[in-house]
Structures are given as C-alpha cells and as structure tokens.
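Asks: Provided below for reference: sequence and predicted model.
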Amino acid sequence: MDALESSLLNGTWDSKLHTELEQRSAIAMLAKDVIDEREFIQVILAVASLHAFIQANWTGPDLNIKPSEVIVDTMNPILISDEVLDMKAVTELAYGGEPAYHLAQHATFLRLAQLIFALPYHHCISIDWWRLRTTIIHEQLLDEAVPLPTDAHDSLGSLLQTLTGDRGDRDLVGRLQLEQGRLEHIFCHDKVASDRFVQAARAAGLQYELTGALGRRTKYQQNDLSQLVLLAESRKRNDSPAEAVPNDLADQSRTPVNVSIMTDPSLPVTLELNDDTLLEQTIFTSSAPSSTTSQLSHLDPVSQPPLHPLDQCILLSLCLNVRNTSPSHGLTSEQMSPYVARVISHPRNWSIHTMALLLRSRLESTRTRTVERSVLQLQALVDQMPTADSPLPERLLYFHSIPLPSKWEMERELALRFLTLGVVKSALEIFERLEMWEEVVKCWQSMERTDKAIVVVRDLLEGRKEEVESVISRGKDLPSPRRGKLDSVRQAKLWCLLGDLEPDNAVEHYERAWALSKETSGRAMRSLGGYYFARGEFEKVIPCLQRAVKINPLLSRSWFILGCAYIRLENWEGARDSFSRCVSIDDEDGESWNNLASMYLRLDSSQNISESNGVSGDESFKAKSFSNRMLAFRALKQGLKYSYDNWRMWTNYMIVAVDVGELSEACRALTRIVEERSAKIGAECVDEEVLERLVNAVTRVPAGDDDRGRDAVNNPSEGHGLLRRVLELFDRTILPRVSSPRIFRAYARLLTWQSRWEDALKAHLDWYRCGVAGTFEKGETDVERWRDAVSEVEEVMDVLRNFGPRVQGINWKHQGRSIVRTFMGRSKEFEDEPEWSRLIELQNELRTEE
C-alpha cells in the first residue's frame, strides 16, 4: 500500500507531507506514480466529510464549519440552507424501514462521504476499507441494525492479503481485522466478531493472559486472596518509543498508581471511588502471577509496561462479546474488569481512555458501592464532549478501532441509568431533549401515566409538539409532496407507538404506519404480528412477520415468534427454517436451539406417518429419519452450552441421545437432571428406564479383560467404554441424593457384571429395604401388596444363597433367617393365605442348611 493511503488510514500525517498537500501541484506530484490525482482528491474530500460528521456527533469539539460552506453549486448560486440539506440527508440515510436519528448534526457530511465513496475507483486499494468505516457509522445512526446493500466488507480479503505480505504493516492488519470484528458485532455475529478480535491481537503482536495473583480488594482485608489480573505486553515497535515503565510510573512500593492524579489534563477525568470499604484499585502483594509456565510470567502484576494504543483498543473490543444481561453470565463483571483496568492504568489516548471509563461505568452500575461513581463518571464523559481540552487529531486517531457511542447514545445511556435509580423525571427530561419518544412513552408508563404518553404521541402526530415545529415545519419552503416524504418513516414509528398504547385500535394504527411508510416499516409489521400472536390469530401472524423479516432479517426475536406461529399451525418445515435463522443470528440462544431440535423430531414423526403405508424396509427413508434425529441431537447439544441449568432441555437431550445411540451423552444428561431436580422431587427425577438401558449397554458386553482398552476407546457408548460414566452416575450423583428399589436393582446388576460380590450383595439388600417387603408395616391389610412382598423375600433369599458364599466375613444364613423372621412378624394377619406356607418353607430350608 502507498504511503499516502497508509498515512490516511492511520490518521498520522508527516509534517512535510502536510505542508506539501496545501498546494494542489504537490498533490499531483505525489500521486503521479501511485494513484490518479482525481481519485486521491475524492478520497481526501470524502474522509474529511466523514471525520467532520464524526467530530460533530462523536468526539467533539463542536464543528466550526457548515455543509453549505463546502457544497457550492457554481451553476446555481442560490444558497440552500443547512437545515434543508441535513433534512434531505437524514431522509436518504434511513434504510430498511429504520429511520436515521433525526437530530444528528450535519448529517449532510455523512451522506456526502457515502456518495463520494460510492464512485468507481481503479487505483485506490484502500477504498473498501473507507466504505467499511462509513458503513459502521451509518449502522450506528439507525434505530436497529440493518444489513446494508453493499459488499464492501466482503471485498476486503484482497486488501488483507496485501497488508499481510512480507513487508506489510502489522498494525494496519490489526486495525482492519478489528474494524471487521466491530461490524460483525453490530450484526450480532458474536462468534465471528470474537474470532476477528483474536486475529487482530495476533496480527498486532499483542500477548495477553487472564490469570491470578495474590492481592486485596478491601481496606480491611487481612489475608491475601487470589485476584484476577490481566497480563498484557505489546510487541516492540521500531517507530515508537520503548514500551517500558517510566520512572514516574514505576511502582516501588507495591501500591497501585492513582491514575486520576497522574492523568494528562487533556484526557478525560477519572473519578475516584472514595468508598469506606473498597480500595480504589486491587493491591497485588505478589510480584509474580500464579502461573509460572506462561510466556508473560516475567511481568509484575503491579507495574506492567504501558500498552500501545492499538493494543488497548483490542483489549476493549474483547470485552464486547462478554455479555452481562443474563444471570447465566454471573462472572461477566469479574472477567471484564481486569481488561478495563489494564487499559485505564496507562491512559495513552483521549478516545481510548473515554471508552475504557465508559466500560468501567457500565460494570460498576450494578453494585451498590460503585453505582454512584458509575453515574457521575458517565455524566462527566457526556459533559466533556463539546470541550476542546484535547486536540482533534488525537480524538480521531483511534476512533475507528473502538466502539465509542455517539453523543446522543451516551446521553441515552445516562438517562437509562437514571431510570434504574428511580430518577424518572431527570431521565424524562433527557429523552424529551433528545426527542427519543419511545423512551419518553416508557417513562410515562413506568409512572402509570399511560394517558400522558398517548397525549405526547398524538401531539407529535398532530403537529402540536416541539419536534414537529423544529423538524417538519422546516420543510415549509419545499413542495408539499417532498415534505411528506421527509417524515414518513418517523411518522410511521409514531403510529406504531400509538398502537402500542391503544390496544383497542392497534390494528388500525399499525396498518396506517405500514401504509405511511410505503410498506417499508419493519416496526409496523413486527408490532402487528406480535399483536395477532398474543391473541392466538396465528394465521395472520405469518404474513406480517414474513414481511418484517424480509425488511430486516437481523432481528432474531421476529424469527422466533414466526417460528412459534408455525408450530401452532403445525408447519414444521417453516418452524425449522425460522429457528435456524434465530440460531444463525444468535448462536447463544438456547431456547431457539431447543425448538429447532423439536422441529427435527416433529419432521421425523410426520415422515414416519407419511411413509407408514410404504415399504417398511426402505433404506433411504431410514437414513433420512436417523439424519433428522441426529440433527436434533446436535442442536440440543449446542443449545445446552448456553442453557446449562435448563433441566427440560437436558431431559430432551437425554431422550434423543438414547434414541440415536449416544449413551455416553445420555448418561451425562441424566447426571445434570438429577443434580438440578433431586432436591425438589426426589427419586422421580431419575428416568429409571433410561438408567436400565445404560446398565444394559454396559452388561451386554462380556466382562472379561480381553480388548478392554480398545473397547473403551472405540465405543464410549457400550461396555467398558461406558462403564466409568455409569459408575460415576451411581456413586457420585444418584445414590448420594436419592434412592428407589429400581435404582438399587440396576446398580446391583452392574456390580454383579463386575464380579464385585460384596458390593452387589449390599446393593440387593438395599433394594430389599426400599422395596415393598422392606417397607411393609404391621397392620397393613392389602393382600396384593403382601403377596408382592413375599415374592421379594423369596428373591432376596436367592441372592443371599448365590452371593453369600462368595463374600468372606458375612453370615448370610443368619441374615436370611432374620429377614424372614422379621417379615413374618409384621404380617401375621395373613397366616391364612396360601403364600404363608412358602415363608414357612423358607424358614425350614434355612434351618436345614445350617
């Protein structure tokens, strides 16, 4: 890649180059042998427009130039107002039924950058990268992420190969992969995004490891405990100063550096915690991590070297895929905090430090001792945006490498934080100022003032609200058809809000929104489909949600409801396709994986019914049926990774695993079910039929030692390969928690197969004690129950005769007489029954044998 393009992507300009670029002739000279002069000027203009939009809406400080000063039509000298240009730009930036944020400042610059980047380029190889950056900014402008009709990010493969050549720039490669991961994250492709972030770290030469070291987190802690710490080290770069710890940052006292005191005044303020219990930072008392085999074991957890700013961006991006929205992700905060703390400890750049403080604020928002600093820090970050305390080039330098939210998104987050604290009025004021009417409606609903919410929406629709005065009325100098087109998407959204608030007229409002948007409002169809689904009108749900997912296929919730509607109509193939789309969007959706597996089983059942009149030995039909069951098995296996505590899914998984012959997995599933359910329902949690099938699978193989090792490796679902799992199931999971006659009988059969006579005899006796005979009480009058008990007494006596002589140290005859005598003493009421003579014969036989 040429030096001009590289410097443009990096955001670093050589002073000599900057001076030469001031003259147009210099541009021609520099571009002569590299790229066409016209293309280079176009790229410079587009990048400047894009960064002007970013400055106005993301990084600050306030922009001192207007679109009308840049866009000049020499053929038509009539000046077009900036308001008209911005309104037209906002309208054209709306896509897929999702409106662009209407209060974004100077949206004309972003639209101008899009138009210039869309021109054909034959010499500038980095143009696809700039299109990727523009796409990311555009996505952040929309209400919901929508796949844009561009293949710019798909054509970056050749650029990546060029950069990874022998003389390629490793930092540029890392930046490109990092930004590709950001786009995948916006589309909720978390797995792909995570892979991109890891590749970026590898390309940039960043080494990092999450490990433990002894330390303290509270002021009154007496004993050192292992604390999570992130060890990270940047590679040596020839064009940057040595990444060593400066003397003024080196820690000589084993006490962490107070960042807020040592931070550069041009960086965002880092607020102190000032808590009476928690320390400002974790104090590590050990100079080495717990693991001594790591490549980073030479790093001191307290005084690690500063990281390169690009490496800091990578660490912050790695936090994106660690979710904190579900109780199943309880360790999220603990895992993310070391990453954020590692970046905050050595602030190097304004934008990066802002992002790190924002992530810390999010992590601290759920803890009572840190929530105050969380809100104050977020407020400080919002207040710093319009200031000029740091130079603009520094703010833009690494902007594209971090997920820094826009000004309005940061203020929205502050308002949502106020809502969680119960400060509804302050949140309402922010939402009204930002004209985020959906959130305004939610605020009024939280105060149980739905009537007020309805008034707000109707005022907006009827032109009595400030937004209409400041937005719609700006178009009065335009022709009326144009004015209607400008606000059709936003009006459609308002009608959807009104439909949510007025259920009696919801259908009318949603259909009006659909018509106003000229059948482009995915929100209208999603709401209408949800309305019909809640009322059980599933035939009407299908067409609504089909239109919605056609407009925006990235919303997994729409696919999920569509799949559920198909289930109610018994359209198994449609439901299968819908849930397949759900898991392709969010592969951590355990419920969708479970439903997908159910659809494969339903398809298998329906095919069995349809083929029942055909040839029963059709091999192709059998193969297809088994294939569906295996697909169900794999879907459940994937879903259980993210719904590990869902015992219903484990039950389904166990049944399907037995059906497809994966008995080792069935054993694991039964273990989880017992662990989850035994405390509530006791022995009922054990599927005794499955347990007996597991024992049968082990015992149907000869118990000899021949080929035992090969059997265990080649077939983990039979014989010796399954034995260890089944034994652990009995010894560690089932028997310490629950018991039943059938469980002990299966256990005894397994021990008998192993020739463990003493343990097998004990298991049989435990079976007897849990059975009908062992629990038979004196005074019972149920004859059938007594007869069953007599049969059990005879059976346990046969066991004693067979196993007793093989066990040393046990007087089995005495034990047998005691069992018979005790049972006869409890059941004297049945002496007249014919079976009583069998008990007498048992007694006589035992006396004779003695």
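Replies: Received the coordinates, thanks.

Asks: got the CA positions of the lengthiest strand in the chain in PDB?
Replies: Determined from DSSP state E, the single longest strand within the chain is strand 207-218. Output of strand 207-218 as PDB, limited to C-alpha atoms (Å, rounded to 0.1, in the frame of the first residue of the first chain):
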ATOM      1  CA  GLN A 207       0.300 -11.000  24.100                       C
ATOM      2  CA  TYR A 208      -2.300 -11.200  26.900                       C
ATOM      3  CA  GLU A 209      -3.400 -13.700  29.500                       C
ATOM      4  CA  LEU A 210      -6.000 -13.600  32.200                       C
ATOM      5  CA  THR A 211      -4.500 -15.200  35.300                       C
ATOM      6  CA  GLY A 212      -4.500 -14.800  39.100                       C
ATOM      7  CA  ALA A 213      -2.200 -13.100  41.700                       C
ATOM      8  CA  LEU A 214      -2.400 -12.600  45.400                       C
ATOM      9  CA  GLY A 215      -3.900  -9.300  46.400                       C
ATOM     10  CA  ARG A 216      -6.500  -7.400  48.300                       C
ATOM     11  CA  ARG A 217      -9.600  -5.500  47.300                       C
ATOM     12  CA  THR A 218     -10.900  -4.100  50.500                       C
END
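
Asks: Using neighbour counts, pick out the buried residues of it.
Replies: 207-209, 211-216 (16 or more other CB atoms under 10 Å). Every C-beta, even on glycine, is put in place using the N, C-alpha and C of the backbone.

Asks: For that strand, name the packing helices and strands.
Replies: strand 225-233, strand 278-284 (3 or more CB pairs under 8 Å, 6 or more residues apart in numbering; DSSP states H and E).

Asks: Format the buried residues of strand 207-218 as JSON lines; extra columns: pLDDT and distance to Glu462.
Replies: Output for the buried residues of strand 207-218, formatted as JSON lines (pLDDT from 0 to 100; distance: CB to CB, whole Å):
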{"residue": "Gln207", "pLDDT": "94", "distance to Glu462": "61"}
{"residue": "Tyr208", "pLDDT": "94", "distance to Glu462": "57"}
{"residue": "Glu209", "pLDDT": "92", "distance to Glu462": "61"}
{"residue": "Thr211", "pLDDT": "90", "distance to Glu462": "62"}
{"residue": "Gly212", "pLDDT": "90", "distance to Glu462": "62"}
{"residue": "Ala213", "pLDDT": "90", "distance to Glu462": "63"}
{"residue": "Leu214", "pLDDT": "91", "distance to Glu462": "66"}
{"residue": "Gly215", "pLDDT": "92", "distance to Glu462": "62"}
{"residue": "Arg216", "pLDDT": "92", "distance to Glu462": "62"}
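
Asks: re the thing from before, can you say which of the helices and strands packed on strand 207-218 is packed in most?
Replies: Across the helices and strands packed on strand 207-218, averaging neighbours per residue (mean count of other CB atoms under 10 Å) puts strand 225-233 on top, at a mean of 20.

Asks: tell me the angle of that strand relative to strand 207-218?
Replies: Angle of strand 225-233 versus strand 207-218, following axes from the mean of the first three to the mean of the last three CA atoms, to 10 degrees, is 150 degrees.

Asks: just use 23 as the starting number from now, easier for me
Replies: In the new numbering, first residue 23, that becomes strand 247-255.

Asks: Give me the sheet partners of strand 247-255 and which way each runs.
Replies: Partner strands and pairing direction for strand 247-255 (DSSP bridges) are strand 229-240 (antiparallel).

Asks: Just give me how far the partner strand sits from the chain centre.
Replies: How far strand 229-240 lies from its chain's middle: 25 Å, per CA atoms, centre = their mean, to the nearest Å.
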